[in-house]
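Enquirer: Sequence below, structure please.
(2 chains)
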Protein chains: 2
Amino acid sequence: MRFGVLGTGMVGHTIATKLISLGHEVTMGSRRAGNDKAAAWAAQAGESAHEGSFAGAASFGEVVVNATAGTASLDALAAAEEKNLTGKVLIDVANPLDSSTGMPPRLTVANTDSLGERIQRQFPDARVVKALNTMNCEVMVDPSRVPGSHSVFLCGNDQSAKADVRALLETFGWPAGSILDLGDLSAARGMEMYLPLWLRIFGALGTGRFNIALVRDAQ
Amino acid sequence: MRFGVLGTGMVGHTIATKLISLGHEVTMGSRRAGNDKAAAWAAQAGESAHEGSFAGAASFGEVVVNATAGTASLDALAAAEEKNLTGKVLIDVANPLDSSTGMPPRLTVANTDSLGERIQRQFPDARVVKALNTMNCEVMVDPSRVPGSHSVFLCGNDQSAKADVRALLETFGWPAGSILDLGDLSAARGMEMYLPLWLRIFGALGTGRFNIALVRDAQ
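Expert: Residues are numbered from 1 along each chain as shown, chains lettered A, B, ... in the order given. As a prediction, the model looks like this:
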């Protein structure tokens, strides 16, 4: 399958590399085609790896992954152009964290709205699924980095898009029973608002290689 | 030990009952002494159970538990009177959730501040520890309601107050290794901002008898 991965940071790099390893074709998109980091990635990631502008990557992908910094995501997606997103599954893994006013970063949207919902409103014909934003990118693409069973959440308004993302997560190594559908895209609020807790846990543990496992009664 | 438990709702009732079962003396506080729910609780909970005003309960307790609704906590603590909180461990289990504008409830404070911090600012001589707010009250006082190991967080600015709360949590049944200190009281932001995710997980699972377990790499 063809993927457009928007973003050349650690998250985009990690997801793009994983997709290549699974046999997919990937174009990594950035503000301008020829971006150093994207070109370096494409040069070493093999024949199925390409780079281009946000619009080039989105146009290329049958599925588009938003792995840009959350504070830049709406601009990046605007640059990707609405026509290149229409009808496509758009996996939003970004968190709207702003560290420009110091640490810890704060969420630029929270409580009554979310980045996932803003993206969906701005691109009503994209099929936005929020997923994977609640963990380190190494864990996203290789859940075995953390021992035992632990959880990944997804949400979105389009059932078949969520089914597609669920299937993709399973190819990443997520057991079906570890993937929890939280419902419509408004659950992105909770998924994004978890980040301040994630950051404090990260600080307390001194590693990003952790995740949360949902544990429940036996019913 | 003597505890003042502020709040007559399910959380206050559950914590107060647990404290009695552990051999403590408890006064359940409410807006006015003689509150029906507090009186009913005290009548059936044994000789160590009392009820009174917020001030009466806070005055009684060597440790005070804020189990009021988060939107009412600052008023309740003001009624409890600063002099009755001075120097005491004040365990804040409340969440500033407001459902007055419909469901889902939203946080009345988030991101750059928290209820825990507001309480600490308003009562600088209380030793505020945020704890237990990330789960159902049944699980708070009886972690075995959820199978296996799972996590409880605490934070606060006073190390010895956190040590006291940690010891109390152990008597509730929390293994030492399941209690994670997230640092100073600003971690209350993350602990409170987890609630929107908790609510969505609750909706997806159809039960409040769940918790999250931190799972990490072997180091």
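Enquirer: which ones are touching the nearest residue to A:Asp125 once chain neighbours are set aside?
Expert: Spatial nearest neighbour of A:Asp125, excluding adjacent residues (C-beta to C-beta, 6 or more residues apart in numbering or on different chains): A:Thr86 at 4.3 Å. Quick note: C-beta positions are derived from backbone N, CA and C, even for glycine. Contacts for A:Thr86 (C-beta atoms under 8 Å, 6 or more residues apart in numbering or on different chains) come out as A:123, A:125-126.
Enquirer: Also A:Phe123?
Expert: A:77, A:82, A:85-86, A:90.
Enquirer: Could you work out the most separated pair of those residues?
Expert: Spatial extent of those (C-beta to C-beta) is set by the pair A:Leu77 and A:Thr86 at 12.1 Å.
Enquirer: Please report the distance of A:Ala163 from B:Ser73.
Expert: As judged by C-beta to C-beta, to the nearest Å, A:Ala163 and B:Ser73 stand 43 Å apart.
Enquirer: whoops, I mixed them up, A:Met140
Expert: Between A:Met140 and B:Ser73 the computed distance is 37 Å (C-beta to C-beta).
Enquirer: Residue ranges in chain A under the pLDDT threshold?
Expert: Applying pLDDT under 70 to chain A flags residues A:219.
Enquirer: picking up where we left off before, tell me which of A:Ala163 and B:Ser73 has more neighbours.
Expert: Legend: neighbour count by other C-beta atoms under 10 Å in any protein chain shown for A:Ala163 and B:Ser73, higher for B:Ser73 (24 against 13).
Enquirer: thought that one was touching B:Leu115?
Expert: Yes: between B:Ser73 and B:Leu115 a contact is recorded at 6.2 Å, counting by C-beta atoms under 8 Å.
Enquirer: Let me see the contact set for A:Asn211.
Expert: For A:Asn211, counting by C-beta under 8 Å, 6+ apart, the contacting residues are A:134-136, A:139, A:143, A:146, A:150-151, B:214-216.
Enquirer: Next, work out how far apart the most centrally placed residue in chain A and A:Thr112 are.
Expert: For chain A, A:Val93 is the residue whose C-alpha lies nearest the centre (C-alpha atoms, centre = their mean; 2.1 Å). Between A:Val93 and A:Thr112 the computed distance is 22 Å (C-beta to C-beta).
Enquirer: mind listing what's buried in the longest helix along chain A?
Expert: Ranked by residue count and defined by DSSP state H, the top helix of chain A is helix A:159-172. By neighbour count on 16 or more other C-beta atoms under 10 Å in any protein chain shown, the buried set for helix A:159-172 is A:161-162, A:164-166, A:168-169, A:172.
Enquirer: okay if I get the residues you listed as TSV plus distance to A:Gly12?
Expert: Converted to TSV, the buried residues of helix A:159-172 look like this (distance: C-beta to C-beta, whole Å):
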residue	distance to A:Gly12
A:Ala161	20
A:Lys162	22
A:Asp164	20
A:Val165	17
A:Arg166	21
A:Leu168	16
A:Leu169	17
A:Phe172	15
